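Novice: My questions concern the predicted model and sequence given below.
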Amino acid sequence: MMKVKGVFLCLLVALIATYLGYIFPLVGSMIFSIIIGIIIGNLINTAPYEEGIKYSGKKLLQYGIILMGFTLSFKTALSLGASSFPLIITSIAAALIVGVLVGRLFGINQRLSTLIGVGTAICGGSAIAAVSPIIKAKDEEIAFSIATIFLFNIIAVFLFPTAGHWLQFSDTGFGYFAGTAINDTSSVVAAGYAFSEDAGDTATVVKLVRALMIVPICIVFALLQVGQSSVNLKKVFPWFILYFFIASIVASIIPIPDYVTSYIKTLSTFLMSTALAGIGMTVDIRKFFKVGIKPLALGAITWMVVIVMSLVMQQVLHIW
């Protein structure tokens, strides 16, 4: 029952956000969902709704992304994934190297530096959750790294669409930029669709390919740990991405009428807006003041390096 109440609250926020997004299309429903979610989460006690809020923030986002697979041909998804690979590899390498080196310079312990680097490089909280047991991170280090990464996710949602227009990105170019340079999948989705629908589609696919890198990264960290040479791939692998590509294959084999595709797209967007409302409600602004300046500075520097690396590589590869 508690889960139902939490999901219903997120659905209600998504409905309001969808209406506001219709009135203010330049902002979009997903941005409104996050804003309203943050306001609610910091003004009222959401503990009675916590189970449903967390379910919405994770599962409904995944369901929305899987549904999006039915609106994209597999050929398009595969092409986007392949062409974004050089961008993804260079940004991941840059984030991990800078995270360790700058962390050492700031006197931050290696576990926290690693978590911030991994969270920035791959997929935010999901990557941190996957790597933390491998490197035996403490609860405090996990909490600090997630709070640090999430702060920059929220900033990216509001900053990137405006920056994208200022940099005169095409829809495709911005999609690559957002998918490569924003940490968490939810924030990539919000920023991408705030720019345009095509940018949102591109950003989501690029981000999903980037999220797959969590598997080899976890294997590498497991091998680096003394006495550990294996990792639970079944637990680490983001299975919803596989379902997304299966949906894309189905859409490529079985012709889906345009009006059905339109309904699927609308439902997908609404589910993602609902998820973002839930994610917004989990943001506790007070936690950011407890993190400390050094982890925040490390997160900021690492993220800036990823942004610059993405822009440079897009110029080199003529993806603008």
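Specialist: Now that the structure is in, tell me what you want to look at. If you're wondering where the values come from, they're calculated on a predicted model, not measured in any experiment.
Novice: switch to C-alpha atoms for all contacts and neighbour counts from now on
Specialist: Noted.
Novice: I256: which element?
Specialist: Assigned by DSSP states H and E, I256 belongs to no helix or strand.
Novice: What's the separation between it and I66?
Specialist: Here I256 is placed at a distance of 16 Å from I66 (CA to CA, to the nearest Å).
Novice: quick one, which of these two is more surrounded?
Specialist: Higher neighbour count among I256 and I66: I66, with 21 against 13, using other CA atoms under 10 Å.
Novice: my guess is the more buried one contacts P238, does it?
Specialist: No - taking CA atoms under 8 Å as the definition, I66 is not a contact partner of P238, at 12.0 Å.
Novice: What's the separation between S79 and L43?
Specialist: From S79 to L43 the distance is 44 Å (CA to CA).
Novice: hmm, I was thinking of G107
Specialist: On the measure of CA to CA, G107 and L43 end up 36 Å apart.
Novice: quick check: longest helix of the protein.
Specialist: Taking DSSP state H as the criterion, the chain has its longest helix at helix 74-106.
Novice: after that helix comes which helix or strand?
Specialist: That would be, after helix 74-106 and using DSSP H and E, helix 110-121.
Novice: And the contacts of that following helix?
Specialist: Outside helix 110-121, the residues that touch it by CA atoms under 8 Å, 6 or more residues apart in numbering are 91-100, 103-104, 124-128, 131-132, 135-137, 141-142, 144-146, 148-149, 182-183, 295, 298-299, 302-303, 306.
Novice: Can you name every helix or strand that the next helix or strand after that helix contacts?
Specialist: Next helix or strand after helix 110-121 toward the C-terminus (DSSP H and E): helix 125-131. Applying 3 or more CA pairs under 8 Å, 6 or more residues apart in numbering; DSSP states H and E, one finds that helix 125-131 contacts helix 110-121, helix 139-166, helix 214-224.
Novice: which parts of the shortest one are buried?
Specialist: Translated: helix 214-224. Neighbour counts over helix 214-224 (16 or more other CA atoms under 10 Å) mark I214, V215, I217, C218, I219, F221, A222 as buried.
Novice: Out of those, which is nearest to S273?
Specialist: S273 has its nearest neighbour among the buried residues of helix 214-224 in I214, at 25.0 Å by CA to CA.
Novice: Distance of the closest one relative to G99?
Specialist: In terms of CA to CA, I214 sits 16 Å off from G99.
Novice: Could you tell me the angle between the longest helix of the chain and helix 214-224?
Specialist: Here the directions of helix 74-106 and helix 214-224 differ by 40 degrees (axes from the mean of the first three to the mean of the last three CA atoms, to 10 degrees).
Novice: Let's have the helices and strands packed on helix 125-131 in TSV, adding distance to T71 and mean pLDDT.
Specialist: Listed next are the helices and strands packed on helix 125-131 as TSV, based on distance: least, CA to CA, whole Å; pLDDT from 0 to 100:
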stretch	distance to T71	mean pLDDT
helix 110-121	28	86
helix 139-166	23	83
helix 214-224	26	77
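Novice: So which of the ones you listed is the most surrounded?
Specialist: A comparison of the helices and strands packed on helix 125-131 by mean neighbour count, using mean count of other CA atoms under 10 Å, puts helix 110-121 on top with a mean of 28.
Novice: Extract the CA atoms of it and return them as PDB.
Specialist: Extracted in PDB, the C-alpha atoms of helix 110-121 (Å, rounded to 0.1, in the frame of the first residue of the first chain):
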ATOM      1  CA  GLN A 110      41.500   6.600  -2.800                       C
ATOM      2  CA  ARG A 111      38.100   4.900  -2.300                       C
ATOM      3  CA  LEU A 112      36.200   8.200  -2.300                       C
ATOM      4  CA  SER A 113      38.200   9.500  -5.200                       C
ATOM      5  CA  THR A 114      37.500   6.300  -7.100                       C
ATOM      6  CA  LEU A 115      33.700   6.400  -6.500                       C
ATOM      7  CA  ILE A 116      33.500  10.100  -7.600                       C
ATOM      8  CA  GLY A 117      35.600   9.300 -10.700                       C
ATOM      9  CA  VAL A 118      33.500   6.200 -11.600                       C
ATOM     10  CA  GLY A 119      30.200   8.000 -10.900                       C
ATOM     11  CA  THR A 120      31.200  10.900 -13.200                       C
ATOM     12  CA  ALA A 121      32.600   8.500 -15.800                       C
END
